[in-house]
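Undergrad: Next comes the sequence, and after it the predicted model I'd like to discuss.
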Amino acid sequence: MVADAKTVVYRALSLGAGVQSSVLALLLSRSDPQLLKRGYSKPDVAIFADTGWEPEYVYLHLDWLENQLDFPLIRVSSGDLRANLRQGRTVSGHRFVDVPLFTVDENGKKGMLRRQCTNHYKIAPIYRKVRSLAGGRRGRRFPKNNRVEMWLGISRDEVGRMKASRESWVDHRWPLVDLGMTRRDCVEWFSVEYSGRRLPRSACVICPYRSDEHWLELKRREPDSYNEAVRFDRWLRNSTKNPIRELLNGRPYLHAARRPLGTVIADREAQGVDLNHFNEECEGLCGT
Ligand code: SF4
């Protein structure tokens, strides 16, 4: 028996607005011959999910990128992370902390909250929008033989982050992996093609997955946002009327050292540490 043929009806580039997905978007817009050879022509859309709490330089980069592309770039949002987190609520209003804060309880036991913000603020709104753009109707099954391709900006050095889609109507594809491009290749390509312009690493201002180097970058490039993160970190523990504390067993921190963010980063600066890690990121959506 011959299986039903599947038709790709829509192709979306998931744009995290970081290094890799920005370079991928630019290569696609230029109809890069190596990408064309591997079956990647223009996507129908590049789509960015906005948590409402990225540094300003990421939004400026996004505006610049939009002007470079010859396919549409759209922004979606499922809610305001800053407002929801301060109330200890998720996008759907449940009392829950969905950002992966580091914790330590009264016995000194360390913990970390499960990261669910990626799903709530990045994956869900992107899939919802793409489903509708691809012809899916609310409450109805997606047409059986139709497929959507989601192109993700994961590079060859990050193959451990390649995961199949959880949605039956979506196939994930990784053009940079197919090209054999690493994150470093992306940075080098961009510095040659857009000399003098900086590529941002995107992540929410308060993202606990920032490396020390990434915190330092925020501090130097956008002190107001860094100071906001420091204040938020302090508020997490000190405020008496704090809905987050009511939901947690233990004291929450933004930094893995489970010490105040401002102190840890000041220490790192004093040590002249210039680390270069960004190990944990949102699955191909934040930071790439
Ligand atoms: S960047 Fe960090 S805080 Fe923002 S959605 Fe991703 S994991 Fe969550």
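TA: Perfect, thanks for sending it.
Undergrad: Tell me how far stretch 47-55 lies from the chain's centre.
TA: 8 Å (Cα atoms, centre = their mean, to the nearest Å).
Undergrad: So, low pLDDT: which residues of the stretch 101-250 of the chain?
TA: 239 (pLDDT under 70).
Undergrad: could you redo the last one with a cut-off of 80?
TA: 239-241 (pLDDT under 80).
Undergrad: Next to the ligand, which bits of it? Give me the list.
TA: Within reach of the ligand by Cβ under 6 Å from any ligand atom, the stretch 101-250 of the chain has these residues: 115, 117, 118, 121, 122, 203, 204, 207, 209. Using the backbone N, CA and C atoms, a C-beta is placed for each residue, glycine as well.
Undergrad: Could you rerun that using 5 Å?
TA: For the stretch 101-250 of the chain, the contact set with the ligand under Cβ under 5 Å from any ligand atom comprises 117, 118, 121, 203, 204, 207.
Undergrad: Buried ones among those?
TA: Among those, those that count as buried by neighbour count (16 or more other Cβ atoms under 10 Å) are 117, 118, 121, 203, 204, 207.
Undergrad: Show only the entries of those residues found in helices.
TA: Under the assignment DSSP state H, these contribute residue 117 to helices.
Undergrad: so which of the buried ones among the residues of the stretch 101-250 of the chain next to the ligand would you say is closest to residue 40?
TA: residue 118 (24.4 Å; Cβ to Cβ).
Undergrad: State the distance from the nearest residue to residue 167 once chain neighbours are set aside to residue 175.
TA: Nearest-residue entry for residue 167: residue 127, 6.1 Å, with adjacent residues in sequence omitted and distances by Cβ to Cβ, 6 or more residues apart in numbering. Between residue 127 and residue 175 the computed distance is 19 Å (Cβ to Cβ, to the nearest Å).
Undergrad: One more: residue 143?
TA: 25 Å.
Undergrad: which of these two has more neighbours?
TA: residue 175 (24 against 14; other Cβ atoms under 10 Å).
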